[in-house]
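Participant: Below: sequence and its predicted model.
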Amino acid sequence: MNIETAFGLTHLRRAGEKAIPNLKKKLGLKPKFVNTPEIQDGFKTVQRLAYACAKTIGDEIQEGWTEEQAAKLMDTYLRDCGVKSFFHRSVAWFGDRSGFLRFKHDREFDAGPRRYKEGDAAILDTAPIYKGFVGDIGYSFIKGQGRDNTELLKMNKDLIELRELIPLWFSSSASPATIWNQVDEYLSAHGYVNAHAKYPFSVLGHKVYKLPFSISEQVPTFKKLAAPLGIYGVFGLDTFASFISHGFFTELLSPGLVGDKTGFWAIEPHFALERPDGTGFGSKFEEILVVEPSGKAYWLDNEVPHLKYK
Amino acid sequence: MEQEKTEIETVTRKQRPLPDRKFETHVTTIRGLETSWLQAGKTSDQTNDPILLFLHGFPDHANAWELQLSEFSKHHLCIAPHLRGVGSSPIHGRLGTYKSRASRESITLDLLAILKIVDPSQSRPIVVIAHDIGGIFGENLARHLGERLIGAIYINSVTLAQMASKLSHLSQLKKSWYIGLFNIPYLSEYSIRRQQEKMVRHERRLANVDDIDLGNAKDPQLVNGLLWYRYGFGELLHRRFWKQAKEKPFHCPVIFLWGKDDKYLDIPTEDELSRLSDRIEIRVLRGSHWIFQEHPDRIHDLMYKFLKDVSK
């Protein structure tokens, strides 16, 4: 079951994408954007911590590990490093699940019992909150005989090429909706399936903030109650509080969003390749893009693992 | 399942060899905390030469394996970590005590990090040797090492699932009364701190191994080992543990070397063993809970035989 369609949330999203930015404009509400070196350092620290975690666990993954095992170890690693709360708990996707191929139900997004096989593409996605700063990363890799998998190498090179374009598009006068569509056209032109369109509200990214305080360190709160919510259940209470307090739909880089682009965005383009025989895989990167009120846009950190594909 | 019939072997008590203490102590920072292990033996050029990973129990630390490090370092690379909280692997950092670092998952991450430092190629096979509560960490590590783990030697040690199963038997429940005490915070730490040296020396005297001083009696960190029991017990309350326990943790041969006169653990039953691996062997000998210190020669012989079999 897809909660968005089942509960008519798509209509709500489309209405919210237009109404909330207009309402904010009428009320004279501007995005609160504080971009000091300390703030940037805070976001950089949490992003690097998340990537160090994903890289460490990715290096350890052996054939036979389940997605749940990998995700749990990531959460443990981050908590050991002082992370007390998560934007969303860690998830892992192996093999064709890395491209969300044949996903029909929201629950399929959560880390499951799929076991890693040599040569499988894999994605580790984690979003720790460290000293109030929200990080959200996606780390793609392949181990074993598939290392020279030319399709994955090409996909990662195309992702890196897209990484160069995204700040240019954000710096232009294009609306978030236009940028979403530009990314969609780019990946379609390269023969890929748009996997991030399958995320809740089809988000290409979302805003991140320094949270003033944590409501709950449990992610998600009431785990058993949240389980039927599928992917919505992996988010923490802090996440919903952050989104709702800023207008919710203006925080999500969704297909119809208009309005101000200023802020810190976690951008996560996710490509998938589906072969005629039904097999396939996916790859993504996710990192923070800074968009200043002047329109200038740049990646927060240029020391990210996926740049090795440049 | 291959299982050798249990036999009780009478071991003649000979004069114990003294450990030569020719090992190095390595210290590094892992996820913000100092972590230390004893290492002995040369790094071999043979990439299929297994690394022997020794996991101690409570109230021990890595020096409990000194005799084994002396012996097996002649032929293998041996590593004996101080498990989180005891010895030179403190659980206290800049901001206080990181109790969650005593969980099985966190200790597994520590062990994987140590193995990565010792073997950066992550290709060498590993044999885990565990004693006492070290077995619960060996079990979790086995689930993460996959094909790299080529064998496990459990010396008067059990997995967490085994212990849970054992506690349903009255004889084991009577022996394990202390685990209930260990799960009472503050009171247990207070009691043990007051009596630590006396307790450790008394237990070692009962086990006929009080002639070797391994330094743990006076270790101020020793009491942190109680956290392993608390986190282990806490795991038993989660459905996830029981779901995982349905799968056998070991995909390699496992041998149990058991001192029959163990006052803390009953001899494993066939039912328990059948849930651990398809290739299980148990050898029961006359000896105490610390049989590897009490009768090292016989234990070493059995270990060498096992290592030869698994290294083929």
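Facilitator: Nice, I can see it.

Participant: all strands of the chain, in order?
Facilitator: All of this is about chain A. Remark: strands assigned in chain A by DSSP state E are A:85-94, A:121-130, A:133-134, A:137-142, A:193-194, A:205-208, A:252-253, A:263-267, A:270-274, A:280-284, A:287-291, A:297-299.

Participant: Chain B, not that one
Facilitator: In chain B, the strands defined using DSSP E lie at B:8-9, B:24-30, B:33-40, B:51-55, B:77-81, B:92-93, B:96-97, B:126-132, B:149-157, B:254-259, B:280-285.

Participant: What is the burial count for the closest residue to residue A:71 other than its chain neighbours?
Facilitator: Among residues not flanking residue A:71 along the chain, residue A:111 sits closest, at 3.8 Å (Cβ to Cβ, 6 or more residues apart in numbering or on different chains). C-beta: built from backbone N, CA, C; applies to glycine. By the measure other Cβ atoms under 10 Å in any protein chain shown, the count of residues near residue A:111 is 23.

Participant: What separation do you get for residue A:111 and chain B?
Facilitator: Per Cβ to the nearest Cβ, to the nearest Å, residue A:111 is found 12 Å from chain B.

Participant: Give the buried residues for stretch A:42-61.
Facilitator: A:42-44, A:46-47, A:49-54, A:56-58, A:60-61 (16 or more other Cβ atoms under 10 Å in any protein chain shown).

Participant: correction: stretch A:274-286
Facilitator: Neighbour counts using 16+ other Cβ under 10 Å place A:274, A:280, A:281, A:282, A:283, A:284, A:285, A:286 of stretch A:274-286 among the buried residues.

Participant: Take those residues and lay them out in a markdown table including distance to chain B.
Facilitator: Formatted as a markdown table, the buried residues of stretch A:274-286 follow (distance: Cβ to the nearest Cβ, whole Å):
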| residue | distance to chain B |
| --- | --- |
| A:274 | 29 |
| A:280 | 25 |
| A:281 | 21 |
| A:282 | 24 |
| A:283 | 23 |
| A:284 | 25 |
| A:285 | 24 |
| A:286 | 23 |
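
Participant: Now do the contacts for the residue in chain A that chain B sits nearest to.
Facilitator: Per Cβ to the nearest Cβ, residue A:62 is where chain A lies closest to chain B, at 3.5 Å. With contact set as Cβ atoms under 8 Å, 6 or more residues apart in numbering or on different chains, residue A:62 has these partners: A:116, B:144, B:145, B:146, B:147, B:148.

Participant: repeat for residue A:257
Facilitator: For residue A:257, the contacting residues are A:17, A:21, A:175, A:176, A:177, A:180, A:249, A:250, by Cβ under 8 Å, 6+ apart.

Participant: Same check on residue B:203?
Facilitator: residue B:59 are the contacts of residue B:203 under Cβ under 8 Å, 6+ apart.

Participant: From residue B:219, how far out is it?
Facilitator: Separation of residue B:203 from residue B:219 (Cβ to Cβ, to the nearest Å): 14 Å.

Participant: Please apply the same query to residue B:181.
Facilitator: For residue B:181, the distance to residue B:219 - Cβ to Cβ - is 20 Å.

Participant: More neighbours: the two, which one.
Facilitator: Using other Cβ under 10 Å, the more surrounded residue of residue B:181 and residue B:219 is residue B:219, with 22 against 13.

Participant: pLDDT score assigned to the more buried one?
Facilitator: For residue B:219, the model assigns a pLDDT of 84.

Participant: pretty sure it is in contact with residue B:89, am I right?
Facilitator: No. Shown here, residue B:219 and residue B:89 do not form a contact pair, counting by Cβ atoms under 8 Å, at 11.2 Å.

Participant: which two from the buried residues of stretch A:42-61 end up farthest apart in space?
Facilitator: A:42 and A:61 (29.3 Å; Cβ to Cβ).

Participant: Any regions of the chain where pLDDT drops low?
Facilitator: No chain was given, so I picked chain A. Low-confidence segments of chain A, defined by pLDDT under 70: A:1-8, A:18, A:24-25, A:28-32, A:146-148, A:214-234, A:247.

Participant: hm, I was asking about chain B
Facilitator: Chain B contains residues with pLDDT under 70 at B:1-20, B:43-47, B:94-96, B:213.

Participant: Tell me who's in contact with the residue in it that chain A sits nearest to.
Facilitator: Nearest residue of chain B to chain A, counting by Cβ to the nearest Cβ: residue B:146, 3.5 Å away. Taking Cβ under 8 Å, 6+ apart, we find residue B:146 in contact with A:62, A:63, A:64, A:65, B:251.

Participant: Quick one: the helices in the stretch 151-300 of chain B, in order.
Facilitator: Shown for the stretch 151-300 of chain B, the helices assigned by DSSP state H, counting those that start in this stretch span residues B:160-166, B:170-175, B:177-182, B:187-206, B:226-235, B:239-245, B:270-274, B:291-294, B:296-310.

Participant: OK, contacts around residue A:267?
Facilitator: By Cβ under 8 Å, 6+ apart, the contact list for residue A:267 reads A:166, A:204, A:205, A:253, A:286, A:287, A:288, A:289.

Participant: at 6 Å instead, please
Facilitator: By Cβ atoms under 6 Å, 6 or more residues apart in numbering or on different chains, the contact set of residue A:267 is A:205, A:289.

Participant: Run through the bridge partners of it.
Facilitator: Counting by DSSP bridges, residue A:267 is bridged to residue A:205, residue A:287.

Participant: Based on its surroundings, how many neighbours for residue A:115?
Facilitator: Neighbours of residue A:115 (other Cβ under 10 Å): 15.

Participant: That one contacts residue A:67, correct?
Facilitator: No. Residue A:115 lies out of contact with residue A:67 (Cβ atoms under 6 Å); the separation is 8.2 Å.

Participant: Mind listing the shared neighbours of those two?
Facilitator: With Cβ under 6 Å, 6+ apart as the test, residue A:115 and residue A:67 reach no residue in common.

Participant: Distance-wise, check residue A:242 relative to residue A:261.
Facilitator: 18 Å.

Participant: if I pick residue 76, what's in contact with it?
Facilitator: Just so you know, I chose chain A. B:105, B:106.

Participant: wait, I meant chain B there
Facilitator: Residues near residue B:76 by Cβ under 6 Å, 6+ apart: B:41, B:52.

Participant: what about 8 Å?
Facilitator: Applying Cβ under 8 Å, 6+ apart, we find residue B:76 in contact with B:41, B:44, B:49, B:50, B:51, B:52, B:307.

Participant: among those residues, who's most crowded?
Facilitator: residue B:52 (26 neighbours).

Participant: That residue touches residue B:125, doesn't it?
Facilitator: No. Assessed by Cβ under 8 Å, residue B:52 is found out of contact with residue B:125, at 10.3 Å.

Participant: what's the burial count for residue B:240?
Facilitator: 10.

Participant: scratch that, residue B:312 is what I was asking about
Facilitator: The number of residues packed near residue B:312 is 5, by other Cβ under 10 Å.

Participant: what about it, distance to residue A:133?
Facilitator: Noted for residue B:312: a distance of 53 Å to residue A:133, by Cβ to Cβ.

Participant: Over to residue A:288?
Facilitator: Using Cβ to Cβ, residue A:288 is found at 10 Å from residue A:133.

Participant: higher neighbour count, the two?
Facilitator: With neighbours defined as other Cβ under 10 Å, residue A:288 and residue A:133 compare such that residue A:288 has more, 26 against 23.

Participant: What about residue 300, how many residues nearby?
Facilitator: Picked chain A for this. Neighbours of residue A:300 (other Cβ under 10 Å): 19.

Participant: sorry, should have said chain B
Facilitator: Neighbourhood size, residue B:300 [other Cβ under 10 Å]: 17.
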